[in-house]
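Enquirer: Only the shape, not the letters, is given here:
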């Protein structure tokens, strides 16, 4: 289990951009096809923009056509937490960073054959660390 990062609301607002705060701390969503990493094909690690925890590898990223960066699995099962989300008149599975509990996006059971899962993640929830090359 990852040690939790607990910051005050004021500390989160100082640490994050307005968009990152709205998504990570208020469970917002960026518009489809607008995120910085939706089309990124570089090799590297996608980390939480809130706390820097490694979340997804470029090796598990694929083009789902959904308009958000999509992955078929996190870097480690313990890197994320999944919770039932009943907002917006539907039931979905929310994905949060296990370390800071920041909202990342949702996971759906319509992914590629490797796992059958599609982790649909907001770019604003992520920072990208390219493989040194």
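Expert: Looks like it arrived, so ask away. Here the structure is a predicted model, which is why all the values come from computation and not from measurement.
Enquirer: Could you report the separation of residue 22 from residue 83?
Expert: Separation of residue 22 from residue 83 (C-beta to C-beta, to the nearest Å) stands at 19 Å. All C-beta spots, glycine's among them, are computed from the backbone N, C-alpha and C.
Enquirer: out of these two, which sits in the busier spot?
Expert: For residue 22 and residue 83, the more surrounded residue by other C-beta atoms under 10 Å is residue 22, and the numbers stand at 17 against 11.
Enquirer: Residue 107 contacts residue 95, doesn't it?
Expert: Yes: at 5.2 Å, residue 107 counts as touching residue 95 under the criterion of C-beta atoms under 8 Å.
Enquirer: where's the residue nearest the centre of the chain, which helix or strand?
Expert: In the chain, the centroid-proximal residue (C-alpha atoms, centre = their mean) is residue 104; its distance is 3.3 Å. If you go by DSSP states H and E, residue 104 is part of strand 103-108.
Enquirer: Could you list the paired strands of that strand along with their orientation?
Expert: Strand pairing for strand 103-108, using DSSP bridges, gives strand 92-97 (antiparallel), strand 118-121 (antiparallel).
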